[in-house]
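*Asks:* Here's a sequence, model it:
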Amino acid sequence: MCTFESLDPRDVTSAIKTSVALPSRTFVRIGPLGLGYEAFLKWSIQDVDAATSTSGDQQIRFSVSALMNARRSLSCLADQYILRDCFAFCSDAPREAEEKTDLLVRRGLFDSLAAGALRHAIDRRNLVEHQYKPIALA
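*Replies:* Numbering: from 1, shown residues only. Next up is the predicted model:
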C-alpha cells in the first residue's frame, strides 16, 4: 500500500539541501595502463609504414616490431576493459588471453573479429618469441 503526498516544487531544492545521505552512485575514472594502448598502436602503424619502404632484413625487423606492438596494443586495451569493469579484482580474474577475449566478447566489448585478431596476433607473436621465426609483412 502506498500513500502519495502533494509536494510544492519550491520545497524540492530545500529537501535536497537538507539531505545528509551520500549519493548512491559515485564515478571513478581509471587512467590508462602504462603508456596506454594508443601508443603501441601508433608504433605498430609506424613500423608497418617503415617495413613497406625497406626490403630484406630491415623489412622482417619492422614486421616483427609491428606485430609485437599491435599485440601489446590489443592486450593493453583488453586489460584496460577488464580493470575498468572490476574483473581484475575478482579472485578468479581472467589471466590468459583466451579467457580475457572470451569475457570481452560475452560483455559485448570485443566482437568476434577483434577477438580473432587478438588470437591471431598472439599466435604470430608465439612464432617469433618461442620458435624464433620471421614474420612476413603481409
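*Asks:* Show me what the helix or strand harbouring Q59 is packed up against.
*Replies:* When secondary structure is defined by DSSP states H and E, Q59 falls within helix 57-84. Judged by 3 or more C-beta pairs under 8 Å, 6 or more residues apart in numbering; DSSP states H and E, the packing partners of helix 57-84 are helix 37-52, helix 97-106, helix 112-131. In short, each C-beta sits where N, CA and C put it, glycine included.
*Asks:* So for the first one, what gets flagged as buried?
*Replies:* Read that as helix 37-52. Of all the residues in helix 37-52, those buried under the rule 16 or more other C-beta atoms under 10 Å are 37, 40-41, 43-44, 47-48, 50-51.
*Asks:* can you list the residues that contact it?
*Replies:* For helix 37-52, the external contacting residues (C-beta atoms under 8 Å, 6 or more residues apart in numbering) are 32, 58-59, 62-63, 65-67, 69-70, 72-74, 76-77, 80, 137.
*Asks:* So what's the model's average confidence on that helix?
*Replies:* Mean pLDDT, helix 37-52: 93.
*Asks:* just use 592 as the starting number from now, easier for me
*Replies:* Understood, numbering begins at 592; the last thing we discussed is helix 628-643.
*Asks:* now that helix against helix 648-675, angle please.
*Replies:* 170 degrees (axes from the mean of the first three to the mean of the last three C-alpha atoms, to 10 degrees).
*Asks:* Make CSV out of the buried residues of helix 628-643 and add distance to V696.
*Replies:* Output for these, formatted as CSV (distance: C-beta to C-beta, whole Å):
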residue, distance to V696
Y628, 18
F631, 21
L632, 20
W634, 26
S635, 22
D638, 27
V639, 26
A641, 32
A642, 30
